[in-house]
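Peer 1: heads up, no residue letters with this:
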């Protein structure tokens, strides 16, 4: 329990006032023995114990009445499950709001989502507590916004649900930056989230820096988490894996491949109807869901012969979360698959040229433009979807060209320079070597015996399992050595020693990967086990090619370059979304001749949640409290209970009055 006016508790010593008055009254009179009264005292000895007890009860009731009054005017608070250490009214209150699709999961009662319940509960709690300054950091913008009143904060359209995955470390970092710049007094940070693992990140180093930053503030910073950890029940989701146009015997067709998944694989088989909408023309197909997920491959839908591009969506029947029941797609004539291979030597890149030059679709042309480090001016950047770079990292004008290529949506994979004769030394290696995206090659490491891949991400990105669920044979790869890489990113695969084999570096657009091994047969068996490198390159190329042409697919979030948002026209999607937030909402958008389909991240279809132990570990050493709630629950998480203490005071006064009533003597009859 805590108090809104804790300073009034300094009056608590006043509850001893009745005791002090009693003692003073005792001292006012002196006892003198009088023989005539001895008989009366002896007669009352039998009832003296009861009289003392009544006096002490009267004294206790008076003290309890004073204590109840003091506690009531101090405005005590209580929460539904846990006492909050909110203390006095904060100078600033920062609300960190998770608006990701998983927060739109509805509860079993009232059809209210986790996000709606969290907003209502936070609104009631913060209205009670009060603050001098209100700040919102939502999972879309991730930037602090100040409001004059708490009602304005929760009525803002920026608190509605989106299709973008939340990034809690980035949001907390934004809160830290706000505190550093504005320097408020005591601050409360309220986090509303469903503890989805993908939203909280997995970088221990990043969370360690966040904890250290909060500890360094001179003013007290209290962190409160309102969590909705309940997993979804009976929810299904749909995701399109591929959508493209083909022409078969003069008949244009749209070829769709998609997957339908559900929460519980043990549920009985069911037939799920899918509605396919192509530019307003609807059709239906049934998918039998027998396990956790079922794929529908190469489903063909006739198109008009003159229709070369268009858009559409696939919709599931309504369930507990409407945010993952739709998936949008666009299609256009497929441009040739082109890869640019920049290499220092042919020996270590022959496998790359071969794997990139074989198209997974025989009807689609795949070409590889090989360029040496001295002939970079020959690169046709506007036609390429994938850049393979083996050698010293780009610098100067070449670095600018590569950065521009990635920024417009291209994919790039960097391989270490030649090691023959240098053993990881020379101008291409070490602290003084070229740096790109804050990464550089340090030295070549040769373990005592061949090393293998210990862990890798098989759930997403370029090392994900196949559509059938079969994992890539990454664990069969062996390496004689690898390059040490300085830089930060997401490790997709790592060696037994813990060093990364494949690392993805964050970029605003496109993607950049660093592979720390050589493909020279003398250094690894990657070339002999070609399925892994082939899958890696083709998936990266698919992503890069999607950014070319007039139809592209992207994940909703910060990485979407909307340009002038006012020029975009929404063809499908959330009709209530602000034009300034188009990048965070699923739908189909058009500007000029370009079509863009935005959808939720694949991580939103995974149900992994943070457990309580992990949450406590993230906030270890901080002033942290947590309250769990459920979607649809409208009970207050913080409420004033001063009325309870007034009731206690009234009961104490009534009891004290009853104890003060004199004892009635029985009337006695008169003797005849």
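Peer 2: That came in fine, so what should we check first? Keep in mind it's a predicted model, so treat the numbers as computed, not measured.
Peer 1: residue contacts, residue 196?
Peer 2: By CB atoms under 8 Å, 6 or more residues apart in numbering, the residues touching residue 196 are 98, 100, 102, 166, 604, 608, 609, 610. All C-beta atoms are positioned from the backbone trio N, CA, C, and that covers glycine.
Peer 1: that should have said residue 328, apologies.
Peer 2: 311, 312, 313, 572, 573, 586, 587, 588, 597, 598, 599.
Peer 1: top of the contacts of residue 196 by number of neighbours, please.
Peer 2: Neighbour counts for these, by other CB atoms under 10 Å, peak at residue 102, which reaches 32 neighbours.
Peer 1: would you list the phi and psi of that residue?
Peer 2: Phi and psi for residue 102, reported as degrees, to the nearest 10, are phi -60, psi -20.
Peer 1: what mean pLDDT would you report for the helix or strand hosting residue 617?
Peer 2: Element membership for residue 617 (DSSP states H and E) is helix 612-618. For helix 612-618, the mean pLDDT works out to 91.
Peer 1: kindly report the same for stretch 234-250.
Peer 2: On average, stretch 234-250 scores 86.
Peer 1: buried sites along it?
Peer 2: Neighbour-count burial for stretch 234-250, with 16 or more other CB atoms under 10 Å as criterion, is recorded at 235, 236, 237, 238, 239, 240, 242, 243, 244, 245, 246.
Peer 1: also stretch 373-383?
Peer 2: residue 379.
Peer 1: got the contact list for that stretch?
Peer 2: Contact partners of stretch 373-383, identified using CB under 8 Å, 6+ apart, comprise 335-336, 338, 340, 342-344, 369, 371, 391-392, 398, 401, 404-405, 410, 548.
Peer 1: drop anything exposed from those residues.
Peer 2: Buried by 16+ other CB under 10 Å: 338, 340, 342-344, 369, 371, 391-392, 398, 405, 410, 548, out of the contacts of stretch 373-383.
Peer 1: specify which member of the residues you listed is nearest to residue 67.
Peer 2: When the buried ones among the contacts of stretch 373-383 are ranked by distance to residue 67 (CB to CB), residue 410 comes first, at 71.3 Å.
Peer 1: which residues touch the closest one?
Peer 2: Residue 410 touches 381, 384, 385, 386, 387, 510, 544, 547, counting by CB under 8 Å, 6+ apart.
Peer 1: likewise residue 335?
Peer 2: Going by CB under 8 Å, 6+ apart, the list of residues near residue 335 reads 383, 545, 548, 549.
Peer 1: returning to what we had before: from the contacts of residue 196, which has minimum pLDDT?
Peer 2: Among the contacts of residue 196, residue 608 has the weakest pLDDT, 83.
Peer 1: which residue, other than its chain neighbours, is closest to it?
Peer 2: Closest residue in space to residue 608, ignoring its immediate chain neighbours: residue 197 at 4.1 Å, by CB to CB, 6 or more residues apart in numbering.
Peer 1: can you check the pLDDT for the one you found?
Peer 2: 88.
Peer 1: can you report phi and psi for it?
Peer 2: Here is the backbone geometry of residue 197 (degrees, to the nearest 10): phi -60, psi -40.
Peer 1: still on that earlier bit, please list the members of the contacts of residue 196 that lie in helices.
Peer 2: Secondary structure from DSSP state H places none of those in helices.
Peer 1: show me which of those residues is closest to residue 192.
Peer 2: For these, the minimum distance to residue 192 (CB to CB) is 6.0 Å, reached by residue 98.
Peer 1: now for the closest one: which residues touch it?
Peer 2: Listed by CB under 8 Å, 6+ apart, the contact set of residue 98 reads 115, 139, 166, 168, 191, 192, 193, 194, 196, 199.
Peer 1: now for those residues: which two are most distant?
Peer 2: 115 and 168 (14.9 Å).
Peer 1: so the residue nearest to residue 608 touches residue 604, yeah?
Peer 2: No. Contact criterion CB atoms under 8 Å: residue 197 and residue 604 do not qualify, at 11.2 Å.
Peer 1: let me see the domain layout of this structure.
Peer 2: 2-78+643-660, 92-231+615-637, 236-333+549-605, 337-545 (automatic domain parsing).
Peer 1: mean pLDDT for these: which is lowest?
Peer 2: Among these, domain 2-78+643-660 has the lowest mean pLDDT, at a mean of 70.
Peer 1: which residues make contact with the helix or strand that contains residue 21 from outside it?
Peer 2: If you go by DSSP H and E, residue 21 is part of helix 17-28. Residues external to helix 17-28 that are found in contact with it (CB under 8 Å, 6+ apart): 59, 62, 63, 66.
Peer 1: need phi/psi at the second one.
Peer 2: If I follow you right, that is residue 62. Main-chain torsions, residue 62, degrees, to the nearest 10: phi -70, psi -40.
Peer 1: do you know how far it is from residue 419?
Peer 2: Separation of residue 62 from residue 419 (CB to CB, to the nearest Å) stands at 88 Å.
Peer 1: just the helices in the stretch 451-600 of the chain please.
Peer 2: Ranges of helices within the stretch 451-600 of the chain are 530-545, based on DSSP state H, counting those that start in this stretch.
Peer 1: what about stretch 442-460, start to end distance?
Peer 2: 28 Å (CA to CA, to the nearest Å).
Peer 1: i'd like the first residue to be 19 from this point on
Peer 2: Sure thing, new numbering starts at 19, so read that last one as stretch 460-478.
Peer 1: and that stretch, what's buried?
Peer 2: Neighbour counts using 16+ other CB under 10 Å place 460, 462, 463, 469, 471, 474, 475, 476 of stretch 460-478 among the buried residues.
Peer 1: now stretch 185-197
Peer 2: Within stretch 185-197, the residues that count as buried by 16+ other CB under 10 Å are 185, 186, 187, 189, 190, 191, 192, 193, 194, 196, 197.
Peer 1: just stretch 110-130 next, same as before
Peer 2: Here stretch 110-130 shows 110-125, 130 as buried, counting by 16+ other CB under 10 Å.
Peer 1: among the residues you listed, which are located in strands?
Peer 2: In this view, the buried residues of stretch 110-130 that belong to strands under DSSP state E are 110, 111, 112, 113, 114, 115.
Peer 1: is the last one bridged to anything, and to what?
Peer 2: Going back to what we said before, that points to residue 115. Using DSSP bridges, the bridge partners assigned to residue 115 are residue 156, residue 210.
Peer 1: list the residues that contact it.
Peer 2: 133, 136, 137, 154, 155, 156, 157, 177, 210.
Peer 1: tell me the one of those residues nearest residue 557?
Peer 2: Closest to residue 557, out of all of the contacts of residue 115 and judged by CB to CB, is residue 157, at 27.1 Å.
Peer 1: residues contacting that closest one?
Peer 2: Counting by CB under 8 Å, 6+ apart, residue 157 touches 115, 116, 117, 118, 180, 182, 183, 184, 185, 186, 189, 217.
Peer 1: tabulate those residues (TSV), appending distance to residue 348.
Peer 2: Formatted as TSV, the contacts of residue 157 follow (distance: CB to CB, whole Å):
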residue	distance to residue 348
115	31
116	29
117	25
118	23
180	20
182	19
183	21
184	26
185	26
186	31
189	31
217	27
